[in-house]
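> Model the structure of this input:
(chains A and B)
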Amino acid sequence: MTGAVLAPGSRKAPPLMEAARGRSLWDDARRRLVRNRFAVASMFVLGFLVIAAIVGPYLAPYTYDHLDKTHVWVPPLTGDHLLGTDSLGRDLLARLLAGLGVSLEIGVVATVVSLVIGISWGAAAGYFGGWLDEVMMRFVDILYSLPFIFFVILLMVTFGRNFILMFVAIGFVQWLTMARIVRGQTMSLKQREFIEAARAVGLSGGAIIGRHIVPNLLGPVVVYVTLTIPDVILTESVLSFLGMGVQEPLTSLGTLISNGATEMELAPWLLIIPSILMVVTLMAFNFIGDGLRDAIDPKER
Amino acid sequence: MFRFLLRRLLVAIPTLLLVITASFFMMRAAPGGPFDSQRRLPPEVERNVKAKYGLDKPLAIQYLNYLGGVMRGDLGPSLKYKDKSVTDIIKEDFPTSVRLGLSSLIIGVAFGVALGSLAAMRQNTALDYGLTTAAIFGICIPTFVTAPLLILLFGSTLGWLPTGGLSDARSYILPVLTLALPQIAVVSRLTRAGMIEVLHSNYIRTARAKGLSEGRIVMRHALRAAILPLVGYLGPATAGIITGSLVVERIFGIPGLGKFFVSSALQRDYTVVLGVVILYAVLVILLNLAAEVVQALLDPRLRLS
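Next comes the predicted model:
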């Protein structure tokens, strides 16, 4: 604790003194994360993709639903279309940007849905324990052991291709793992002194969960979120591929790939370019997730 | 052990009931019906057809009738394929899906364990990094990307392999490869992690001290312990392969149950959809249970309670 020796009022702390100041766990985690080249590169890539998906459509020369019957199946890098056009003469670049946006949107919203359900469920089960925990987690176990894609397909069939519903349906599938993680963390957190202190002050169970437990769950939750988003994007793509996803003319990465696959003999770029974008997006999320996990919980490595 | 099995099987019953109930009512809430077609049936014909399948009764009665049938092992007739029962359809198409899935699983585990062990033995070398990165690729590239790309490469461009149907053994290669790739990736990651942990344990140090060769240590001593976590992965792996088969069977035009399920769901063939869901739910539940039992048998530390 050499830092404490510093006389009060001295403005300029030498660099050595600075280093002696206590480092929080988050500082440590950030340091480890920054050293992970894959994760840092992925953050830049992802940042670029997000900006492109948000701003791109306003800058692109064509809209995603602009038809041009005279320029059908134009290969990339020829004429006015940087990435070429599809069978209806729609600009692939514009469609990619729109599709990326939709995929990211579904990824984030469905993950938030799963987050809300998973955290409330897991925190309640972990905090109250006893028979309630037993019943709640048994329920999770039961749902866990089902082939979920069938339910998502049934939901999509039942409620039509409703955009909002797709978010919710996928979110409902994804919350189980989150609930398990949160429960485990909560069980260990509730043994700690500051929770005991909160209880001694007379806070109710709900308030303790909301004010003290949930904020402390941040680490593992953040890691899991970055790994859930690509999973959701994949699920959405499978649905789109099976013809139950996003409806034309709106598009998603999965829809683009599935359309591209039907025309790949004539126009391979319609398959290859969206596939590359999809893989890059998923890999960026995975590298960031892995990097965050290693940074927050170095034991795993 | 016996009590554990009994308890799990007792839990399986309400689970299945939940599955059947949820699927039944979801399917019924879907707009349209199995007898909608381009040409509308005259109302009296439609009424007769509906009466034949008992679809004119109140929904609750239909539900109870269906449940009764399932308990007797009768999944009902298909509503779209006139003279076939759901059991017939499953008998016809399920073996194809099983062959496909099982081959992918075996290949996935064999290659995954080999590559994962290799990466662990050469931990933190270029080989390890290469394999680990390849595994991330394998996990991130979805089946519906691999499948068309493989078809484009080996089918259309090189013309080496058939790309549709299941005529001979060679036509299995591409679909099995597509399904196996993500499995290889996940299994190799799990094996690598398990192997690294085991290689640092005391009994391996003993084996090294005895002067055994590294290959022998891995094969004879470490592998058995390292692949233990894999057993628990059996359930999720099966679910993953089932999901993958929906896509793969469609792309390669394979007449399996996955392809059938999707088209039946779109055509509102209620009984077929329910039959397939029940079959797969039973399959996944049983495999999860089997995984737990095997794990406990292999590892005495995991006591079944």
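
> Leaving out the residues flanking it, which one is nearest to B:Ser85?
Nearest non-adjacent residue to B:Ser85, counting by C-beta to C-beta, 6 or more residues apart in numbering or on different chains: B:Pro77, 5.1 Å away. All C-beta atoms are positioned from the backbone trio N, CA, C, and that covers glycine.

> Surely that neighbour is in contact with B:Lys84?
Yes. Counting by C-beta atoms under 8 Å, B:Pro77 touches B:Lys84, with 7.2 Å between them.

> who's more crowded, those two?
The neighbour count for B:Pro77 versus B:Lys84, taken as other C-beta atoms under 10 Å in any protein chain shown, is higher for B:Pro77 (19 against 14).

> now for the helix ranked longest in chain B, which elements pack on it?
Assignment by DSSP state H gives helix B:86-121 as the longest helix of chain B. Contact analysis of helix B:86-121 by 3 or more C-beta pairs under 8 Å, 6 or more residues apart in numbering or on different chains; DSSP states H and E lists helix B:126-140, helix B:173-199, helix B:223-226, helix B:228-251, helix B:257-267, helix B:270-298 as its packing neighbours.

> Reformat these as TSV; add mean neighbour count, distance to A:Gly99 and mean pLDDT.
Output for the helices and strands packed on helix B:86-121, formatted as TSV (neighbours: other C-beta atoms under 10 Å in any protein chain shown; distance: least, C-beta to C-beta, whole Å; pLDDT from 0 to 100):
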stretch	mean neighbour count	distance to A:Gly99	mean pLDDT
helix B:126-140	17	17	85
helix B:173-199	23	22	87
helix B:223-226	17	41	80
helix B:228-251	21	18	80
helix B:257-267	23	22	81
helix B:270-298	20	29	82
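
> Ok, which of those helices comes nearest A:Ala123?
Among the helices and strands packed on helix B:86-121, the nearest to A:Ala123 by C-beta to C-beta is helix B:228-251 (24.5 Å).

> how about the closest one, does it reach chain A?
Yes. Using C-beta under 8 Å from any C-beta of the partner chain, helix B:228-251 reaches chain A at B:Gly235, B:Ala239, B:Ile242, B:Thr243, B:Leu246, B:Val247, B:Arg250, B:Ile251.

> And the residues you listed, which is closest to A:Gly254?
After measuring these against A:Gly254 - C-beta to C-beta - the closest member comes out as B:Val247, at 10.3 Å.

> Would you enumerate the residues in contact with that closest one?
B:Val247 is in contact with A:Val238, A:Phe241, A:Leu242, B:Thr143, B:Phe144, B:Ala147, B:Gly258, counting by C-beta atoms under 8 Å, 6 or more residues apart in numbering or on different chains.

> Quick one: residues contacting the nearest residue to B:Gly76 once chain neighbours are set aside.
Closest residue to B:Gly76 apart from its sequence neighbours, by C-beta to C-beta, 6+ apart: B:Thr271 at 4.1 Å. Residues in contact with B:Thr271 (C-beta under 8 Å, 6+ apart) are B:Tyr66, B:Leu75, B:Gly76, B:Pro77, B:Ser78, B:Leu79, B:Val86.

> Repeat that for A:Ala261.
With C-beta under 8 Å, 6+ apart, A:Ala261 has these contacts: A:Leu271, B:Phe144, B:Ala147, B:Pro148, B:Ile251.

> Apart from its neighbours in sequence, what residue is nearest the first one?
Nearest non-adjacent residue to A:Leu271, counting by C-beta to C-beta, 6+ apart: A:Gly260, 3.4 Å away.

> for B:Leu18, same thing?
A:Ile142 (7.1 Å).

> Around the one you found, how many other residues sit close by?
18.

> try B:Thr146
22.

> thinking it is in contact with B:Ile184, fair?
No. Contact between B:Thr146 and B:Ile184 fails when scored by C-beta under 8 Å: they sit 11.7 Å apart.

> which regions of chain A lie under the pLDDT threshold?
Within chain A, the stretches with pLDDT under 70 are A:1-25, A:67-68, A:71-74, A:77, A:79-82, A:87-89, A:145-146, A:160-161, A:297-301.

> related to what we said a few turns ago, you'd agree the residue nearest to B:Leu18 is up against B:Thr15?
Yes. Between A:Ile142 and B:Thr15 there is a contact at 4.8 Å, judged by C-beta under 8 Å.

> just for the stretch 1-150 of chain B, where's the confidence low?
In the stretch 1-150 of chain B, residues with pLDDT under 70: B:36-40.

> Which element, helix or strand, includes B:Glu57?
That one is not Glu; residue B:57 is Lys. Using DSSP states H and E, B:Lys57 maps to neither a helix nor a strand.

> how much space is there between it and chain A?
21 Å (C-beta to the nearest C-beta, to the nearest Å).

> Tell me, how many residues neighbour the residue nearest to that residue when sequence neighbours are not counted?
Distances taken as C-beta to C-beta, 6+ apart place B:Asn65 nearest to B:Lys57, at 7.5 Å, with adjacent residues excluded. Using other C-beta under 10 Å, B:Asn65 is surrounded by 13 other residues.

> follow-up on the earlier one: and which of the contacts of A:Ala261 is nearest A:Val168?
Nearest to A:Val168 among the contacts of A:Ala261 is B:Phe144, at 23.2 Å by C-beta to C-beta.

> The helix or strand hosting that closest one near chain A at all?
Element membership for B:Phe144, per DSSP H and E: helix B:143-150. Yes. Judged by C-beta under 8 Å from any C-beta, helix B:143-150 comes into contact with chain A at B:Phe144, B:Val145, B:Ala147, B:Pro148, B:Leu149.

> Give me the spatial nearest neighbour of the fourth one, chain neighbours excluded.
By that I understand B:Pro148. That would be A:Ala261: by C-beta to C-beta, 6+ apart, it lies 3.9 Å from B:Pro148.

> how far away is the residue nearest the centre of chain A from chain B?
The centre of chain A sits closest to A:Ile229, judged by C-alpha atoms, centre = their mean, with a distance of 2.5 Å. Distance, A:Ile229 to chain B, by C-beta to the nearest C-beta: 12 Å.

> And A:Phe151, by the same measure?
From A:Phe151 across to chain B, the span is 7 Å (C-beta to the nearest C-beta).

> A:Val280 too?
Here the criterion is C-beta to the nearest C-beta. By it, A:Val280 lies 9 Å from chain B.

> So which bits of the stretch 201-301 of chain A are right by chain B?
So far as C-beta under 8 Å from any C-beta goes, the stretch 201-301 of chain A lies against chain B at A:230, A:234, A:237-238, A:241-243, A:254, A:257-258, A:260-261, A:264-265, A:268, A:271-272, A:275, A:278-279, A:282-283, A:286-287, A:290.

> Any chance of the contacts of B:Thr271 in CSV with secondary structure as columns?
Below are the contacts of B:Thr271 laid out as CSV (DSSP: H, G, I helix; E, B strand; the rest coil):
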residue, secondary structure
B:Tyr66, helix
B:Leu75, coil
B:Gly76, coil
B:Pro77, strand
B:Ser78, coil
B:Leu79, coil
B:Val86, helix
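
> In those, find the pair that's most separated.
Taking C-beta to C-beta, the two most distant members of the contacts of B:Thr271 are B:Tyr66 and B:Ser78; they sit 13.8 Å apart.
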